[in-house]
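In: Got a predicted structure plus its sequence, pasted below:
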Amino acid sequence: AQTVTQSQPEMSVQEAETVTLSCTYDTSESDYYLFWYKQPPSRQMILVIRQEAYKQQNATENRFSVNFQKAAKSFSLKISDSQLGDAAMYFCAYRSWGSGTYKYIFGTGTRLKVLA
Amino acid sequence: DTEVTQTPKHLVMGMTNKKSLKCEQHMGHRAMYWYKQKAKKPPELMFVYSYEKLSINESVPSRFSPECPNSSLLNLHLHALQPEDSALYLCASSLRRGRITEAFFGQGTRLTVV
């Protein structure tokens, strides 16, 4: 069975600085998706970034980028130029590749605080 | 339209009440999910419907009864709940044109059982 581990329950960053959130996972599959979701106090889970395991290139979305190390089973999220609106709970998630699979396996989350 | 809409946003119900949560999406997604989320915890999968058929039931107690009337709607019927069922209930959808996309989530229903 797949597992996702986020070892940082809480992180803080100064506004405009850079922060990296860690995620490791365990799987025997070779093809899969990895995601970072953000959940602000408004409660809605919002997709931040997605990575397909077969792609060697790290995904980027504006100020958000990942460091995907497939062999090490590591998937960290880097947030550059942090903004107050980035404060939220961040969940790392895994999903198998197959078209018949629907389960998202979530890590326990990292609460990010942004200090003004 | 990239929204998943959940109603109501808040619900307080007694242990003998019957209520329903509603979820709606118009993105053409053919998989819809119910998750339960306790405070400061990740979402826990409850049910998955794909092509309007129940494909995953994560051993959820029968006091939770899902229903998928059509490809855009997902309901969760609640009956005889316990206080420990108080949580945020999230709906999500994915799967478009046979390809699984990332899950889009609604804002959730905050349920309190008294």
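Out: Sure thing, it's come through. What you see is a predicted model, and the numbers here were worked out from it, not measured in a lab.
In: residues contacting the most centrally placed residue in chain B?
Out: Against the mean C-alpha coordinate of chain B, by CA atoms, centre = their mean, the closest residue is B:Trp34 at 3.0 Å. Contacts for B:Trp34 (CB atoms under 8 Å, 6 or more residues apart in numbering or on different chains) come out as B:23, B:45-47, B:64, B:66, B:74, B:76, B:89-91. To be clear about C-beta, it is placed using only N, CA and C from the backbone, and glycine gets the same treatment.
In: try A:Glu15
Out: A:82-84, A:114-116.
In: try 6 Å
Out: Counting by CB atoms under 6 Å, 6 or more residues apart in numbering or on different chains, A:Glu15 makes contact with A:82, A:114, A:116.
In: got the residues of chain B near chain A?
Out: Contact residues, chain B versus chain A (CB under 6 Å from any CB of the partner chain): B:31, B:42-43, B:48, B:102-103, B:105, B:107-108.
In: Tell me where chain A is predicted with low confidence.
Out: Along chain A, segments meeting pLDDT under 70 span A:99-101.
In: Which residues of it lie near chain B?
Out: Within chain A, the positions lying close to chain B (CB under 6 Å from any CB) are A:43-45, A:47, A:50, A:91, A:102, A:104, A:106, A:108-109.
In: Would you mind giving those as a markdown table with secondary structure added?
Out: As requested, the residues of chain A next to chain B are exported to a markdown table (DSSP: H, G, I helix; E, B strand; the rest coil):
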| residue | secondary structure |
| --- | --- |
| A:Arg43 | coil |
| A:Gln44 | coil |
| A:Met45 | coil |
| A:Leu47 | strand |
| A:Arg50 | strand |
| A:Phe91 | strand |
| A:Tyr102 | coil |
| A:Tyr104 | strand |
| A:Phe106 | strand |
| A:Thr108 | coil |
| A:Gly109 | coil |
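In: returning to what we had before: quickly note the distance from the residue nearest to the centre of chain B to chain A.
Out: Remark: distance between B:Trp34 and chain A (CB to the nearest CB, to the nearest Å) = 12 Å.
In: Can you tell me which one of the residues of chain B next to chain A sits lowest on pLDDT?
Out: Here the lowest pLDDT out of the residues of chain B next to chain A sits on B:Glu102, with 85.
In: before we move on, back to that, now flag whichever of the contacts of B:Trp34 is closest to A:Arg63.
Out: Distance to A:Arg63 across the contacts of B:Trp34 (CB to CB) is lowest for B:Leu90, with 25.6 Å.
In: just to revisit the earlier point, filter the contacts of A:Glu15 to the buried ones?
Out: A:82, A:114 (16 or more other CB atoms under 10 Å in any protein chain shown).
In: Of the contacts of A:Glu15, which belong to helices?
Out: Among those, no member falls in helices (criterion: DSSP state H).
In: Can you say which two of the residues of chain A next to chain B are spatially most distant?
Out: Every pair in those was compared (CB to CB); the two farthest apart turn out to be A:Arg43 and A:Tyr102, at 21.9 Å.
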